[in-house]
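**Q** sequence plus the predicted model coming up.
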Amino acid sequence: MKLWERVVEARLRKVVEICEQQYGFMPRKSTTDAIFALRILMEKYRDGQRELHCVFVDLEKAYDRVPREELWYCMRKSGVAEKYVRVVQDMYERSRTVVRCAVGQTEEFKVEVGLHQGSALSPFLFAMVMDQLSEEVRQESPWTMMFADDIVICSESREQVEVNLERWRFVLERRGMKVSRSKTEYMCVNEREGSGTVRLQGEEVKKVQEFKYLGSTVQSNGECGKEVIQAVSCIGEAISEDCVHQVRDASRSEALSN
């Protein structure tokens, strides 16, 4: 099944063009590229003594929430031939699952929403869905960046980033996705005193001084000191561990020679 999924994915990639704002699971793109683009933007505003407002959008159970009809619609709109739409539909039509609980497991039942977990094809299908859903709201990179379901929205003003966040929420939630109110976070780079907060449907978005973006810590001061310290610490631990192994090996060699 995995091999067949890879074959289908390769054929879909030949006809589907994903927007430049999507860094996830795209050829010649990686987390490093997304992190670098965000850091460069933050440093530019820090050096220019201007504010940069960033919202890190979290989608609740993104893969599990994709409506199947939305998936078929996005595939067709992306230019996928109907025969390949039917191929993917057949993969999902035959899917069954069970739920394990304290007293055993349920009988098999059909799953009618979401992408397959662990499927080789799912990441590209999700990128295709996000490409279509975000078409009317995304801005050029790096003002909008996506890595699969990790979304960053940036703007020069707090008011504008709040407006953009609401637009994203509306577009995504009307199509079956869900923006997490508790995990979506806001950061102001080079903040002036009293720049305020961002709200989403009346709820205040959590404001942070640092955020773990794709495994890298970005800070509101636009610097990367904490990241450097963590890297040096990891190197130090690796060196220490290596030294321990060398001492053990030397001790064993000496014991054997005696």
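**A** Received the coordinates, thanks. Residues are numbered from 1 along each chain as shown.
**Q** can we go C-alpha only for contacts and neighbour counts from here?
**A** Noted.
**Q** so which bits of stretch 191-204 are buried?
**A** For stretch 191-204, a neighbour-count test (16 or more other C-alpha atoms under 10 Å) marks E191, V198, R199 as buried.
**Q** what of stretch 101-111?
**A** Result for stretch 101-111 [16+ other C-alpha under 10 Å]: buried residues V111.
**Q** phi, psi of the residue nearest to V129 when sequence neighbours are not counted?
**A** Closest residue to V129 apart from its sequence neighbours, by C-alpha to C-alpha, 6 or more residues apart in numbering: C74 at 5.6 Å. Dihedral pair for C74: phi -70, psi -40, per degrees, to the nearest 10.
**Q** count of residues packed around C74?
**A** By the measure other C-alpha atoms under 10 Å, the count of residues near C74 is 20.
**Q** before we move on, the earlier item: in TSV, list the buried residues of stretch 191-204 along with pLDDT and secondary structure.
**A** Conversion of the buried residues of stretch 191-204 to TSV gives the following (pLDDT from 0 to 100; DSSP: H, G, I helix; E, B strand; the rest coil):
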residue	pLDDT	secondary structure
E191	90	coil
V198	96	coil
R199	96	strand
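**Q** I'd like these laid out as CSV, including distance to L3.
**A** Output for these, formatted as CSV (distance: C-alpha to C-alpha, whole Å):
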residue, distance to L3
E191, 50
V198, 46
R199, 45
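**Q** tell me the one among those nearest to P27.
**A** V198 (34.5 Å; C-alpha to C-alpha).
**Q** hang on, isn't the closest one packed against V205?
**A** Yes - counting by C-alpha atoms under 8 Å, V198 does reach V205; the two are 5.6 Å apart.
**Q** identify the contacts common to the two.
**A** The contact sets of V198 and V205 overlap at Y186 (C-alpha atoms under 8 Å, 6 or more residues apart in numbering).
**Q** element containing R50, please.
**A** If you go by DSSP states H and E, R50 is not part of any helix or strand.
**Q** count the residues that sit near it.
**A** 16.
**Q** how about the residue positioned nearest the centre of the chain, what does it touch?
**A** Nearest residue to the geometric centre of the chain (C-alpha atoms, centre = their mean): D150, 2.6 Å. Contacts for D150 (C-alpha under 8 Å, 6+ apart) come out as F56, V57, D58, L59.
**Q** same check on R181?
**A** Residues near R181 by C-alpha under 8 Å, 6+ apart: L200, E203, V205.
**Q** closest to R28 out of those residues?
**A** Closest to R28, out of all of the contacts of R181 and judged by C-alpha to C-alpha, is V205, at 33.5 Å.
**Q** quick one: the helices in the stretch 1-150 of the chain?
**A** 2-15, 31-47, 62-65, 68-77, 82-93, 122-133 (DSSP state H, counting those that start in this stretch).
**Q** who wins for proximity to V103 among those helices?
**A** Between V103 and those, the shortest gap by C-alpha to C-alpha is with helix 62-65, which sits at 25.0 Å.
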